[in-house]
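*Asks:* I would like the atomic coordinates for the input below:
(one chain, ligands or ions: 3)
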Amino acid sequence: MWKIIALVSLASAAPTSNIDFTPLNDFSLKLLYNTYAFQESYGQKNVVISPLSIWSMFALLAEGSSGDTFNELMSELRFPNDMRVTAALHSAVSGILLRRDQDVTLDGVSGMFADCNLNIHQDFCQYAKNFDTQVFLVDTSNTTLLANDINNFICRVTQGRIAEAVSPRVLENLRMILVDGLYFKANWTHQFDPTQTREEAFYNYQGKKIGSVNMMYHKAPHNNGDLPQIGAQILEMPYGKNEQLSMLILLPFDGMPLQKLLENLSREPLTWLNEFQTSEGLSEIDCYIPRFKITSKSDMIPPLMYMGIRNIFDYGKAQMPGISDSPLYVSTTIQNVNIEVTEEGTVAASSTVVGLEDRILSQRFEANKEFVFLIREKQSGVIVFAGVYAEPSLV
Ligand SMILES: *[C@@H]1O[C@H](CO)[C@@H](O)[C@H](O)[C@H]1NC(C)=O
Ligand SMILES: *[C@@H]1O[C@H](CO)[C@@H](O)[C@H](O)[C@H]1NC(C)=O
Ligand SMILES: *[C@@H]1O[C@H](CO)[C@@H](O)[C@H](O)[C@H]1NC(C)=O
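*Replies:* Ligands and ions are numbered 1, 2, ... in the order given. A predicted model of the protein is given here:
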């Protein structure tokens, strides 16, 4: 029976191109594994991310990076060594994110908000524009206005599902902000009849009941199968009449922990993604899928650092000379994602905000912990008073 569900929504490659999207999916599954590991350690068990947004944004930043900052991105974003192949991949990804059949909407927008005083290199702005990133020259010091602009940008593409992607506080000290919004809405090719939905038990991998869900039911033709190499059963439920997008549900074999499945997904070759599909007539399957809803707000820096991308987040080490003459590092990477799965279909939205800050910050000194103080006569240097302040009080 159905117990724990791992949800993976992957870019379904446009069949027209012969571009290999394996590196991208490889990145996505590794990021899912690391994000889950990080969030689970904080007791958050439902996770949903938008790996494609992260990938595109860091691919753009890689263009402006050098040294180890660049090398780490190249290896962890699984870029081909040839930058032209990378550019083609990036461009193909932008293409995937524009799909408006009459019954399936997949929409993505990218924006770059930057301080005009920063001297963002023209080449970098041009590169951003080539990949459908809208460039806005803004005064980043007015964080109220900037938050408003960014939130409107995201709100529009997500059809209001993400109204507050950032608060002005998050934008303090940022010199350049990359923003990515995604929206997906589609009906199932085979919808579920709401009158068949029943409350059912939901279990963990040890077979212990951990709660209840509203279990939807239908009998429909779907691709499905066992994937012994990763230890899970798979089911594919398509969307829309054209069936160009689908949800894959990976259900661990009995006794197999979810963490182990995620680890397998991040390590095993991705050949399984196509192997379970048959071209012959599909058999009808009894499907029980819970109706569910996840809203998550994640700081993506820790999982990206677990993956080995470190330099770009390092105040002392980041190298992005292709973006600006003033040294910058990535201080913020926040993702808001929500998804709702119902009898009718799926609605999902995400916002990703990546903020770059000056490495040479205006010097900051905050005496907010125990300290020593000395009073001296300046000319002679003689210390006249010396003390320690260690017990705070409101005087
Ligand atoms: C999706 O399904 C609902 C319920 O069956 C229907 O009312 C709606 O028109 C469908 N939407 C599209 C875009 O086909
Ligand atoms: C920020 O911009 C808004 C709208 O233009 C303006 O009303 C406000 O005074 C500005 N704030 C600062 C601190 O400049
Ligand atoms: C994947 O899962 C299967 C089934 O539990 C296990 O036997 C196999 O060793 C796993 N593979 C890896 C690479 O961990």
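
*Asks:* following the host helix or strand of N34, which helix or strand shows up next?
*Replies:* Using DSSP states H and E, N34 falls within helix 22-40. Next helix or strand after helix 22-40 toward the C-terminus (DSSP H and E): helix 51-63.

*Asks:* touching the helix or strand just after that following helix from outside, list them.
*Replies:* Where DSSP H and E defines the elements, the next helix or strand beyond helix 51-63 is helix 67-76. Here helix 67-76 makes contact (C-beta atoms under 8 Å, 6 or more residues apart in numbering) with 27, 58-59, 61-62, 65, 79, 81, 304, 307-312, 317-320. (Each C-beta comes from the backbone N, C-alpha and C, glycine too.)

*Asks:* distance-wise, check the residue of the chain found nearest ligand 3 relative to E263.
*Replies:* In the chain, the residue that lies nearest ligand 3 is G231 (3.0 Å; C-beta to the nearest ligand atom). Counting by C-beta to C-beta, to the nearest Å, the gap between G231 and E263 amounts to 10 Å.

*Asks:* now swap in T333 and tell me
*Replies:* Counting by C-beta to C-beta - T333 and E263 are separated by 23 Å.

*Asks:* distance between the ends of stretch 180-199?
*Replies:* 37 Å (C-alpha to C-alpha, to the nearest Å).

*Asks:* is that stretch positioned near ligand 1?
*Replies:* Yes. Counting by C-beta under 6 Å from any ligand atom, ligand 1 is contacted by stretch 180-199 at N187, Q191.

*Asks:* for R291, which non-adjacent residue is closest in space?
*Replies:* N214 (4.5 Å; C-beta to C-beta, 6 or more residues apart in numbering).

*Asks:* how about the residues of the stretch 1-150 of the chain near ligand 2?
*Replies:* Near ligand 2, when you scan the stretch 1-150 of the chain using C-beta under 6 Å from any ligand atom, you find N142, T144, L145.

*Asks:* what's the lowest-pLDDT member of those?
*Replies:* Within those, pLDDT reaches its minimum at N142, with 92.

*Asks:* quick check: it vs F136, distance?
*Replies:* On the measure of C-beta to C-beta, N142 and F136 end up 13 Å apart.

*Asks:* same thing with Q206?
*Replies:* Relative to F136, and taking C-beta to C-beta, Q206 is found at 51 Å.

*Asks:* I figured Y33 hits N264, correct?
*Replies:* No. Using C-beta atoms under 8 Å, Y33 is not in contact with N264, being 9.2 Å away.

*Asks:* what residues are up against G255?
*Replies:* Y205, Q206.

*Asks:* for it, grab phi and psi.
*Replies:* phi 80, psi 0 (degrees, to the nearest 10).

*Asks:* what does the one 10 residues further on give?
*Replies:* Taking degrees, to the nearest 10, you get phi -60, psi -30 for the backbone angles of L265.

*Asks:* gap between the nearest residue to it once chain neighbours are set aside and ligand 1?
*Replies:* With sequence-adjacent residues excluded and distances taken as C-beta to C-beta, 6+ apart, L265 is closest to L29, at 4.6 Å. For L29, the distance to ligand 1 (C-beta to the nearest ligand atom, to the nearest Å) stands at 30 Å.
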